[in-house]
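Student: what follows is a predicted protein model with its sequence.
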Amino acid sequence: MMKLQSFLKILLLTSSVAVGQVTLSTEEVRNIANKIDSLQTLDSLNNSIILDYKEKVKIDSAVVAELEYQIKKHEETIKLLGK
């Protein structure tokens, strides 16, 4: 489906550009459409990776906040034991 959409987009683009004396062969259009599909796939993968890292950042932030809380409580305990 994606390849067909890309192919049709390129075909449409080349037909409108053809008025400006630029024409592409069917093979060139296929290559461009394949490249677009490849880039769209990579973009989707990158977006997925970014979402994963954002989730990890949230979790790590929660862990850091909990550890900071525990450190503060331990420091308070140490102060009380020192008195």
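Tutor: That came through fine. Just so we're clear, the structure is a prediction, and the values are computed from it rather than from any experiment.

Student: element containing residue 67?
Tutor: Here residue 67 sits within helix 26-82, counting by DSSP states H and E.

Student: packing partners of that helix?
Tutor: Where contact means 3 or more Cβ pairs under 8 Å, 6 or more residues apart in numbering; DSSP states H and E, helix 26-82 is packed against helix 2-17. In short, each C-beta sits where N, CA and C put it, glycine included.

Student: for the chain, what are the low-confidence residue spans?
Tutor: Counting by pLDDT under 70, the chain has low-confidence residues at 1-3, 11-22.

Student: wait, residue 29 sits on residue 9?
Tutor: No: in this structure, residue 29 is not within contact of residue 9 by Cβ atoms under 8 Å, at 9.7 Å.

Student: what about the two, which has more around it?
Tutor: residue 29 (19 against 14; other Cβ atoms under 10 Å).

Student: roughly how far apart are that one and residue 43?
Tutor: As judged by Cβ to Cβ, to the nearest Å, residue 29 and residue 43 stand 21 Å apart.

Student: repeat for residue 82
Tutor: Taking Cβ to Cβ, one finds residue 82 at 57 Å from residue 43.
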